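show me how the following folds:
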Amino acid sequence: MKRFNSLDIPTDLADLCDPSRTAVLVYDMQAGICGQIASGAAVTARCAEVLAVARRAGYRVAYTRHLSLSKPWMGVTQLRMAMAWQRKSEPAEVSPWFLRDSPPWEIVPDLAPHADDAVFDKLAMSAFEGTPLATALRDSGVQAVVLMGIALEIGIEPTARHAADLGFIPIIVADACGAGHEDAAQRSLESLRFAGDAIITDVAALTALMAR
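As a prediction, the model looks like this:
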């Protein structure tokens, strides 16, 4: 930790592994997403490992769920995204995969939220866009957010960049993040390392510090 102008400036992961200043965000670990990813079960297990330690240590935990609107409410962006994901050439051919309360929309049972956890539904890729996540973090005095879930190259990278722009330090648990395309995910990690805003770690290092 560095001290300057009456500010405590965290410089490494150890400075941030404190439940008073860091929260955990489980990104889009939904049945309909995990089932599309080859490593879905392994990512689920690693997220569960982090959550178990975080909960024992008193960290706040939040979840995001990607939400589809019904077809009359699917606008330009939702339709274009669905066409890309579902490999359809016509908007009329797409289906809303993540309708509220549908089985694909639900968080996988092994990571089911607890009563005290926050759950935010979103239409965008960034967990901060269109949700009260930033307000909730600031109101709780949180400075950093641990990011894990699926998919690194699609939603976690934009969430990390958005977090930094909002003044939060993103902590990416690389081996607890799934990817639809491994090469793209590695490019995301390299780009985030180069930018320098995020701290990139793994389950073993993070949980060891959380459990201190």
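
and the residue nearest the centre of the chain?
Centroid check for the chain by CA atoms, centre = their mean gives Tyr27 as the closest residue, at 3.0 Å.

that one: what's it in contact with?
Contact analysis of Tyr27 by CB atoms under 8 Å, 6 or more residues apart in numbering lists Thr64, Ala127, Leu147, Met148, Gly149, Ile150, Gly155, Ile156, Thr159. Bear in mind the C-beta positions are built from the backbone N, C-alpha and C, glycine included.

local confidence estimate at it?
Tyr27 is assigned 98 on the pLDDT scale.

cool, and the one 5 residues further on?
In this model, Gly32 is scored at 96, pLDDT.

over to the one 10 residues further on?
Looking at Ala42, its pLDDT reads 97.

tell me where the longest helix sits in the protein.
Once the chain is assigned using DSSP state H, the helix that runs over the most residues is helix 40-57.

helices and strands around it, which ones?
In terms of contacts (3 or more CB pairs under 8 Å, 6 or more residues apart in numbering; DSSP states H and E), helix 40-57 is packed against strand 22-27, helix 31-34, strand 60-66, strand 144-150, strand 169-178, helix 203-210.

ok, and the closest non-adjacent residue to Thr77?
Leu123 (7.9 Å; CB to CB, 6 or more residues apart in numbering).

swap that for Ile33, please
Ile150 (5.3 Å).

ok, now how distant is that neighbour from Ser140?
Remark: distance between Ile150 and Ser140 (CB to CB, to the nearest Å) = 25 Å.

more neighbours: these two, which one.
The residue with more neighbours, out of Ile150 and Ser140, is Ile150; 28 against 12, by other CB atoms under 10 Å.

my guess is that one contacts His181. True?
No - Ile150 is beyond contact range of His181, at 11.8 Å (criterion: CB atoms under 8 Å).

list the beta-bridge partners for Ile107.
When assigned by DSSP bridges, Ile107 has beta-bridge partners Gln30.

any idea how many residues pack against it?
Neighbours of Ile107 using other CB under 10 Å come to 20.

look up phi and psi at Thr131.
phi -120, psi 160 (degrees, to the nearest 10).

give me the element the nearest residue to it once chain neighbours are set aside is part of.
Of all residues not flanking Thr131 in the chain, Phe120 sits nearest, at 4.1 Å (CB to CB, 6+ apart). Under the criterion of DSSP states H and E, Phe120 resides in strand 118-122.

packing partners of that strand?
strand 60-66, helix 133-139.

change it to 6 Å
On a contact count with 3 or more CB pairs under 6 Å, 6 or more residues apart in numbering; DSSP states H and E, strand 118-122 meets strand 60-66.

just list what the strand it packs on packs against, helices and strands only.
Right, strand 60-66 is packed against strand 22-27, strand 118-122 by 3+ CB pairs under 6 Å, 6+ apart.

okay, the nearest residue to Ala163 once chain neighbours are set aside and Val53: tell me how far apart.
Ranked by CB to CB, 6+ apart and with sequence neighbours excluded, the top spatial neighbour of Ala163 is Pro170, at 4.4 Å. Remark: distance between Pro170 and Val53 (CB to CB) = 19 Å.

just Tyr63 next, same as before
Taken as CB to CB, the span from Tyr63 to Val53 is 17 Å.

alright, that wraps it up for me.
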